[in-house]
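Participant: Provided below are the primary sequence and the corresponding predicted coordinates.
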Amino acid sequence: MSYGTQGVGGLAGLVYSPNADDRYYVGYRIDPDTTAGDLGGYDPFGRDLVSIVYGANRKINDQWSAYFEENYDFSGTQKSLTHTYGVTYTPDAIWTVGAGFESGEVYDEINGDFDRIAVSGSVSLREEVRNASLRFEARFEEGQNAAIRDRNTYLLSGQYGYLHNDDWRFIASIDAVLSESDQDTILDGDFIEGSIGWAYRPVESDRLNALFRYTYLEDLPGSQQVNAQNQVLGPRQRSHVLEADFIYDVNERWSVGGKYGFRTGEIETIRGSGNFQDSSAHLAIARADYHIIEKWDLLLEARELWLPELDQTNTGILAGAYYHIGDNLKLGVGYNFGQFSDVTYDDEGVFINVIGKF
């Protein structure tokens, strides 16, 4: 079970695994995207909350495996029946290739019925010095009975890592969503985030660790989308971001670090105006970590954000304590005394942070 700003979510199911490779399941799923955050008004049959799901994963041989899933949403104003099929091909220990197909019908009493067809594919490579993965999906939605619901959506996600030597690693990633509506271009939504960088993590002497990265961000949400500030008609932007991050172990108890980030780009504050204005920002962070005992750390961090176009400077301080759980995880709790973080301007207060280590 889960609960958050998107509502309540959960899954109750029965799984049968006759061996280590095959799996058959049936369950009852609550989708958080349709509950609108209203836990008190939960009605299992009168609202768009629940669906029945069943499927199977089956290994055919050492190279091929297949899966299918049926999802039946039977309640509320938006009912649907979705069929999903896919195969995975693993020719050796290095390569993995997958393909999928989805089709379904959505019966929407408010906005009109529509059909959906989606195809997807993926490929991954894992070697000692490099790893890469790429996944794409295309969705085609067509309204029925002259319903204005036609939309084509294309999604792409990829990562690449290359171990140049024992100390340096090259990293790259891309995430993109392109959504086209047949109604009006103002309803189109595009999101592209791509980055490349170098990570310095020396093997023989790991006192200094550093990351240098460049990121391109194109965030052009449609008018019906909600952004991070919970705005329906929020601003659109194209940005270039450069950042450098390092941490240095002074001794067994003290570590110091710093980060500098610079963003330059353009922003459209009035939706559909086409009037993009210059927008830039500088973020500087200095931090100190004190290792009290084997499993406990204290953190003190000072931040400054400078917005040249607004002639505005924001200063903040953050403090926290972390507890190490094993060798690969640490849990922290603290308080942000400033109004801002890396992305938002209303983050003053208590925070909880979980960090995984490799």
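Facilitator: Yes, it's here. Numbers count the residues shown, from 1 in each chain.

Participant: which residues touch the spatially closest residue to Tyr248 that is not a sequence neighbour?
Facilitator: Spatial nearest neighbour of Tyr248, chain neighbours left out: Leu208 (5.0 Å); criterion: Cβ to Cβ, 6 or more residues apart in numbering. In this view, the C-beta of every residue, glycine as well, is placed from N, C-alpha and C. Leu208 makes contact with 200, 202, 246-249, according to Cβ atoms under 8 Å, 6 or more residues apart in numbering.

Participant: give the burial count for Gly55, as a bare number.
Facilitator: Residues lying near Gly55 (other Cβ atoms under 10 Å) number 17.

Participant: try the one 5 residues further on
Facilitator: Other residues within reach of Ile60, judged by other Cβ under 10 Å, total 11.

Participant: do I have it right that it meets Ala66?
Facilitator: Yes. Using Cβ atoms under 8 Å, Ile60 is in contact with Ala66, at 6.3 Å.

Participant: which residues in the stretch 51-200 of the chain form strands?
Facilitator: Applying DSSP state E, counting those that start in this stretch to the stretch 51-200 of the chain gives strands spanning 64-73, 78-89, 95-108, 114-126, 130-143, 151-163, 168-181, 189-200.

Participant: tabulate the ones you listed (a markdown table), appending distance to Ala56.
Facilitator: Rendered in a markdown table, the data for these read as follows (distance: least, Cβ to Cβ, whole Å):
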| stretch | distance to Ala56 |
| --- | --- |
| strand 64-73 | 6 |
| strand 78-89 | 11 |
| strand 95-108 | 14 |
| strand 114-126 | 18 |
| strand 130-143 | 22 |
| strand 151-163 | 25 |
| strand 168-181 | 30 |
| strand 189-200 | 34 |
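
Participant: tell me which of those sits nearest to Gly320.
Facilitator: Minimum separation from Gly320 across the strands of the stretch 51-200 of the chain (Cβ to Cβ) falls at strand 189-200, 24.0 Å.

Participant: extract the C-alpha set from the closest one and format it as CSV.
Facilitator: Extracted in CSV, the C-alpha atoms of strand 189-200 (Å, rounded to 0.1, in the frame of the first residue of the first chain):
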residue,chain,number,x,y,z
GLY,A,189,3.8,18.4,-24.6
ASP,A,190,7.6,17.8,-25.0
PHE,A,191,10.2,16.9,-22.5
ILE,A,192,13.8,16.2,-23.2
GLU,A,193,16.6,15.8,-20.7
GLY,A,194,20.0,14.7,-21.8
SER,A,195,23.3,14.7,-19.9
ILE,A,196,27.0,13.8,-20.3
GLY,A,197,29.7,13.8,-17.7
TRP,A,198,32.8,12.4,-16.2
ALA,A,199,33.1,10.9,-12.7
TYR,A,200,36.4,10.8,-10.9
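
Participant: downstream of that strand, the next helix or strand is which one?
Facilitator: strand 208-220 (DSSP states H and E).

Participant: residue contacts, Leu178?
Facilitator: 153-154, 190.

Participant: quick check on these: which are buried?
Facilitator: 153, 190 (16 or more other Cβ atoms under 10 Å).

Participant: quick check: which ranges of this protein have low pLDDT?
Facilitator: Applying pLDDT under 70 to the chain flags residues 5-6, 33-49, 76-77, 145-148, 183-187, 223-234, 270-273, 341-346, 358.

Participant: if the spatially most central residue of it is in a bridge, with which residues?
Facilitator: Compute the mean C-alpha point of the chain, and by Cα atoms, centre = their mean the closest residue is Asp175, 9.1 Å away. Asp175 has the following beta-bridge partners by DSSP bridges: Ser157, Glu193.

Participant: test my guess that it contacts Glu193.
Facilitator: Yes. With contact defined as Cβ under 8 Å, Asp175 counts as touching Glu193 (5.0 Å).

Participant: so what's Asp150 closest to, chain neighbours aside?
Facilitator: Asp182 (3.8 Å).

Participant: what distance do you get for the one you found to Arg151?
Facilitator: Asp182 sits 7 Å away from Arg151, going by Cβ to Cβ, to the nearest Å.

Participant: which of these two has more neighbours?
Facilitator: Arg151 (21 against 13).

Participant: just list whatever residues bridge to that one.
Facilitator: With DSSP bridges as the rule, Arg151 is bridged to Glu141, Ser181.

Participant: let me see the contact set for it.
Facilitator: 139, 141, 179-182.

Participant: then Arg236?
Facilitator: 219-221, 267-268, 271, 276 are the contacts of Arg236 under Cβ under 8 Å, 6+ apart.

Participant: equivalent analysis for Glu268, please.
Facilitator: Contacts of Glu268 (Cβ under 8 Å, 6+ apart): 235-237, 274-277.

Participant: buried subset of these?
Facilitator: Buried, going by 16+ other Cβ under 10 Å: 235-237, out of these.

Participant: tell me the spacing between the residue nearest to Ser239 when sequence neighbours are not counted and Glu309.
Facilitator: Leaving aside its sequence neighbours, Ser239 sits nearest to Gly265 (Cβ to Cβ, 6+ apart; 3.3 Å). To Glu309, Gly265 is 11 Å away according to Cβ to Cβ.

Participant: Ala281 now?
Facilitator: From Ala281 over to Glu309 (counting by Cβ to Cβ), the distance is 9 Å.

Participant: of the two, give the one with the bigger neighbour count.
Facilitator: Ala281 (19 against 11).
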